[in-house]
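In: Next come a sequence and a model predicted from it.
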Amino acid sequence: MISKEDFEAFVERLVKEDHREVVGVQEKGDKFVFDELKAAKDLRLDYDVTILPPKKYFMPQRETLVKYKVKDGHKAVNEITPRIILGIHPYDLEAIRQMDKVFSDTYEDKNYLKKREASVLVGVNIENVSEWCFAGSMGTSTIEEHYDLMLTDIGDKYAIEIGSEKGFELLDEADVMEASEDDISAVKKKKEGVKEKFEKKLDLPPEELPILLERSYGNTDFWKEHSEKCYSCGSCNLVCPTCYCFDVKDFNELTLDEGERIRQWDGCLLEEFAIVAGDENFRENRYQRYRHRFMRKGRYIHDRFGDIACVGCGRCGSHCVPDIADPTEIYNDLKEVTK
Amino acid sequence: MSGKPKAAFFDLAGCEGDQLQIANLEEKVLDLINIVEVVSFREIMKEHSDDYDIAFIEGSVTNDHLAERLEEIRENASIVVGLGSCATIGGINSIRNSQDHEEVKHRVYGDQADLFPSWDKAKAIEDVIKVDYHVHGCPIDRDEFIHVVESLVLGKDPEIPNYPVCVECKLNENICAFERDEFCVGPVTRAGCDSCCVNEGTICWGCRGLIDNPNDDAHSDVLEEYGLSAEEVMKKFNLYFGWQQEARKDE
Ligand code: SF4
Ligand code: SF4
Ligand code: SF4
Ligand code: SF4
Ligand code: SF4
């Protein structure tokens, strides 16, 4: 346990003294983002959802992989900034757990994994629920592991759960006290209470998604109808905490004797995403790309890794300008038409 | 092309803002002339030659005289590159395409209007000749220009994004115009500017032109759903869409 006052002092000390960069959730206009903390008072642990998930710290939007000079040859690049990340919601922690799996499965992606290892994840239980969020239906409104520390706001203090050695060490400098029986039951109540707060809900248990999607793959009319207004803008991919696709490009300097290879976030909704060598696009139509995302989230990743790759953060729905990307609407409609 | 390719810069009806971007490359201008030989560039040199491989053309086509000049350039050059919105999509010049021509002429030239024969529509250069590559934007982005030149010299196709500005908006973690009760043509506009206008808190006006396969029917519907009438949509975004709308109508 730590009083809110002591917590702020603790964060302030981290910002000023810790050698690592301290990032946390802050306001951006009337939205929230993860960004470098300049002062502890900027931290907003009562946020609803951030525009981008904290994934950007392990897999930056744009990242240099290789630098080359004609004279000296290639050099692999991995810019690692050790970080303490404050205020990650449970659904985003679950997404990070899934990403860790993806990036270490068949190929160990050092650029992701090294950054991930150099980070301390401090979670916080959800205080305010975004109107688009349906973590309650996905079993991700709370999480019992896969964090270094987990905070719960219980009035004038935070309860702190320790999830790892890294988290324990971070607390070295904090004025913490033992939790009382009352504190423990307050945390429990908080976690149970949050489940009731979500307005958006899935009408089926997530475990049924793979089967439902398999059955409805061929329902072309359904996918066409729902994707009619799709811009193929990729926003639904780019804000998603479990999307991990990227595009690799080479850039030369004007001198032509040096350059770099970068990777940038990509998304399967974008028209050129599925163009393979020979210029053939195997998901040429808008509806095919649109369908693909739902198939990935609810079925393909499940077949491959055993996870439902949607953690219910609701970002895709909230960022889709024509408002056609909300997974609860699609999955619920699908259930309705697929008897 | 053997040896250093020769490059020439031309301006039709435009403000020369794009050539200025290039003249302002500063130390990189030296790198540029290391890989191409610039034989004609009014902004920075007096000499001129008609012996060139790559022609960079700024500005839109607004009369017969410019169209003839353009055709000559096409004959001389093996690669033609459009520079900036006026050249690539008609740009600012095409605002007048939906206005009364006589009125426009009088506004610009007053009583002498009849001395300046001009078409009633401003056209993108692609409407008159075949264009090989486009450097979009109003004005163009210097880095993208460099990327195009360097690709051409290496004999590669330049990588110009064919996805909408929304992609860059997301990468920059911007608050979407639609969430600020504003409107935006970013969802149908070609990215490549790093969503710079939205980064500054405004909206995308579409200066880089449409992506190859925009869902523009949906866009009018969507804008209407957000409360803008079709007429207002036209008015608001005519700034850069005048010519494109015409051109697509004819398809
Ligand atoms: S579903 Fe929405 S967010 Fe996704 S690509 Fe289509 S328009 Fe963009
Ligand atoms: S395939 Fe599509 S849904 Fe899956 S991770 Fe890539 S971008 Fe995201
Ligand atoms: S699919 Fe949508 S709701 Fe699910 S994790 Fe991705 S962004 Fe969040
Ligand atoms: S502000 Fe415009 S370009 Fe940016 S995401 Fe919104 S609609 Fe797309
Ligand atoms: S944001 Fe839109 S208007 Fe601004 S530079 Fe980019 S394409 Fe042009």
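Out: The structure has been received and is ready for your questions. Residues are numbered from 1 along each chain as shown, chains lettered A, B, ... in the order given. Ligands and ions are numbered 1, 2, ... in the order given.
In: Can you tell me the SS state at the residue most central in space within chain A?
Out: Central residue of chain A (CA atoms, centre = their mean): A:P241, 2.5 Å from the mean position. Using DSSP: H, G, I helix; E, B strand; the rest coil, the structure places A:P241 in coil.
In: CA-only coordinates of stretch A:123-137, as PDB, when you get a sec.
Out: Output in PDB follows, covering the C-alpha atoms of stretch A:123-137 (Å, rounded to 0.1, in the frame of the first residue of the first chain):
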ATOM      1  CA  GLY A 123      -0.100  -1.600 -14.500                       C
ATOM      2  CA  VAL A 124      -3.200   0.100 -13.100                       C
ATOM      3  CA  ASN A 125      -6.700  -1.300 -12.700                       C
ATOM      4  CA  ILE A 126      -9.300   0.500 -14.700                       C
ATOM      5  CA  GLU A 127     -10.900   3.500 -12.900                       C
ATOM      6  CA  ASN A 128     -12.900   4.900 -15.900                       C
ATOM      7  CA  VAL A 129     -14.200   2.800 -18.700                       C
ATOM      8  CA  SER A 130     -14.000   4.000 -22.300                       C
ATOM      9  CA  GLU A 131     -17.400   3.900 -24.000                       C
ATOM     10  CA  TRP A 132     -15.900   1.600 -26.700                       C
ATOM     11  CA  CYS A 133     -14.200  -0.800 -24.400                       C
ATOM     12  CA  PHE A 134     -15.500  -4.400 -23.900                       C
ATOM     13  CA  ALA A 135     -12.700  -5.900 -21.900                       C
ATOM     14  CA  GLY A 136     -15.300  -7.200 -19.500                       C
ATOM     15  CA  SER A 137     -16.500  -9.700 -22.300                       C
END
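In: Any part of it near ligand 1?
Out: No. Using CB under 6 Å from any ligand atom, stretch A:123-137 stays clear of ligand 1, with a minimum separation of 12.5 Å. Every residue, glycine included, has its C-beta placed from N, CA and C.
In: Go through that stretch and flag the buried ones.
Out: Buried residues in stretch A:123-137, defined by neighbour count with 16 or more other CB atoms under 10 Å in any protein chain shown: A:123-127, A:129-130, A:132-137.
In: Pipe these into CSV and attach distance to B:I125, pLDDT and secondary structure per row.
Out: CSV is the format used below for the buried residues of stretch A:123-137 (distance: CB to CB, whole Å; pLDDT from 0 to 100; DSSP: H, G, I helix; E, B strand; the rest coil):
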residue, distance to B:I125, pLDDT, secondary structure
A:G123, 56, 98, strand
A:V124, 56, 98, strand
A:N125, 59, 98, coil
A:I126, 55, 98, coil
A:E127, 57, 96, coil
A:V129, 53, 97, coil
A:S130, 47, 97, coil
A:W132, 45, 97, coil
A:C133, 49, 98, coil
A:F134, 50, 97, coil
A:A135, 52, 97, helix
A:G136, 56, 96, helix
A:S137, 54, 96, helix
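In: right, and out of those residues, which lies closest to ligand 1?
Out: A:W132 (12.5 Å; CB to the nearest ligand atom).
In: Can you give me the end-to-end span of stretch B:171-181?
Out: Taking CA to CA, to the nearest Å, stretch B:171-181 runs 21 Å from one end to the other.
In: just stretch A:50-65 next, same as before
Out: Distance across stretch A:50-65, first residue to last, is 27 Å (CA to CA).
In: buried residues in that stretch?
Out: Neighbour counts over stretch A:50-65 (16+ other CB under 10 Å) mark A:50-61, A:63-65 as buried.
In: Narrow those residues to those in strands?
Out: Among the buried residues of stretch A:50-65, the residues falling in strands (DSSP state E) are A:E63, A:T64, A:L65.
In: List the residues that contact the second one.
Out: Counting by CB atoms under 8 Å, 6 or more residues apart in numbering or on different chains, A:T64 makes contact with A:V77, A:E79, A:E260, A:R261, A:I262.
In: Return the entry from these with the maximum number of neighbours.
Out: A:I262 (19 neighbours; other CB atoms under 10 Å in any protein chain shown).
In: Tell me if I am right that it is in a strand.
Out: Yes. According to three-state DSSP, A:I262 belongs to a strand.
In: which residues touch it?
Out: Counting by CB under 8 Å, 6+ apart, A:I262 makes contact with A:R62, A:E63, A:T64, A:L65, A:V248, A:K249, A:D250, A:F251.
In: Next, the buried residues of stretch A:212-219.
Out: A:L213, A:S216.
In: List the contacts of B:Y133.
Out: Applying CB under 8 Å, 6+ apart, the residues near B:Y133 are B:I79, B:V80, B:V81, B:G82, B:V148, B:L152, B:P158, B:I160.
In: right, and the fourth one touches B:G137 too?
Out: No. Between B:G82 and B:G137 there is no contact under CB atoms under 8 Å: 10.8 Å.
In: in what helix or strand does A:E329 lie?
Out: helix A:327-337 (DSSP states H and E).
In: contacting residues around that helix?
Out: A:134, A:137, A:200-204, A:209, A:212-213, A:216, A:219, A:222, A:226, A:294, A:297-298, A:310, A:312, A:316-317.
In: Any chance of a ChimeraX selection covering the buried ones in those residues?
Out: To isolate the buried members of the contacts of helix A:327-337 in ChimeraX, using 16+ other CB under 10 Å:
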select /A:134,137,200,202,209,213,216,222,226,294,297,298,310,312,316,317
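In: Just the contacts of helix A:327-337: which are in helices?
Out: Judged by DSSP state H, helices contain the following of the contacts of helix A:327-337: A:S137, A:L209, A:L212, A:L213, A:S216, A:F222, A:H226, A:F294, A:C316, A:G317.
In: Would you check which pair of those lies furthest apart?
Out: A:S137 and A:F222 (20.8 Å; CB to CB).
In: Contacts only, for A:P90.
Out: A:P90 touches A:G123, A:N125, A:I126, A:A135, A:T140, A:S141, A:T142, A:I143, counting by CB under 8 Å, 6+ apart.
In: Next, format those as JSON lines and append distance to ligand 5.
Out: JSON lines is the format used below for the contacts of A:P90 (distance: CB to the nearest ligand atom, whole Å):
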{"residue": "A:G123", "distance to ligand 5": "36"}
{"residue": "A:N125", "distance to ligand 5": "38"}
{"residue": "A:I126", "distance to ligand 5": "34"}
{"residue": "A:A135", "distance to ligand 5": "33"}
{"residue": "A:T140", "distance to ligand 5": "35"}
{"residue": "A:S141", "distance to ligand 5": "37"}
{"residue": "A:T142", "distance to ligand 5": "40"}
{"residue": "A:I143", "distance to ligand 5": "38"}
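In: Next, format the residues you listed as CSV and append distance to B:A55.
Out: Below are those laid out as CSV (distance: CB to CB, whole Å):
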residue, distance to B:A55
A:G123, 58
A:N125, 63
A:I126, 59
A:A135, 57
A:T140, 57
A:S141, 61
A:T142, 63
A:I143, 60
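In: which one of these is nearest A:D156?
Out: Out of the contacts of A:P90, the member with the shortest distance to A:D156 (by CB to CB) is A:N125, at 16.0 Å.
In: where do the strands sit along the chain?
Out: Went with chain A since none was named. A:2-3, A:21-28, A:31-36, A:62-69, A:73-76, A:83-88, A:119-124, A:149-153, A:157-162, A:246-252, A:258-265, A:275-276, A:280-281.
In: Sorry, I should have been clearer: chain B.
Out: Counting by DSSP E, the strands of chain B are B:6-11, B:37-40, B:54-58, B:79-83, B:133-135.
In: ranking the contacts of B:Y133 by neighbours, who comes first?
Out: B:G82 (27 neighbours).
In: distance of the residue at the greatest distance from the centre of chain A from ligand 1?
Out: The C-alpha centroid of chain A is most remote from A:K71, which lies 40.2 Å away (CA atoms, centre = their mean). For A:K71, the distance to ligand 1 equals 43 Å [CB to the nearest ligand atom, to the nearest Å].
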